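Visitor: Everything below, folded, please.
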Amino acid sequence: MVMKESDSALAAGDAAPDFELEGVDGETYTLESFADAEALLVVFTCNHCPYAQAKFELLNELSAAYDDVAVVGINPNDAEEYPDDSLEAMREYVADGSVDYDAYLRDESQAVAREYGAACTPDPFLFARRAAQLAAEGR
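Guide: Sure thing, here's the model as predicted:
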């Protein structure tokens, strides 16, 4: 894997772009849904990519270990091109315990991924809760 400069549309200190996305639980989530967390880790991820799969366990552990950090997975991949990334398949990954984040959301239009500047999966964005400012981004 080649190290490359971030393609993020966000810079350190930038506010987290808001979103309104459906979760695997059928609920609709926005940025405000995670307002009680001290930090927000938004990870653009998917089910079919081996690089993303390699991070499932670590993200599950982070979600379990830190009650004050909201770990939110957002899957922006085209479900027609990658059937493993459909909302139904996402639900299966949660049901079998492969994914156990605070929320696993579907970005079917890829609009949220574009707004954040997510370029690949996994692509994490860590926000400090005080004003939801970007603290770190990187692959």
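
Visitor: packing partners for the helix ranked longest in the chain?
Guide: For the chain, the longest helix by residue count, based on DSSP state H, is helix 50-65. Under the contact criterion of 3 or more C-beta pairs under 8 Å, 6 or more residues apart in numbering; DSSP states H and E, helix 50-65 touches strand 39-44, strand 69-75. C-betas here are computed from N, CA, C, even on glycine.

Visitor: That one vs strand 69-75, what angle?
Guide: Put simply, helix 50-65 runs at 150 degrees to strand 69-75, going by axes from the mean of the first three to the mean of the last three C-alpha atoms, to 10 degrees.

Visitor: which residues touch helix 50-65?
Guide: The contact list for helix 50-65 (C-beta atoms under 8 Å, 6 or more residues apart in numbering) reads 1, 41, 43, 45-47, 69, 71, 73, 98-102, 120-122.
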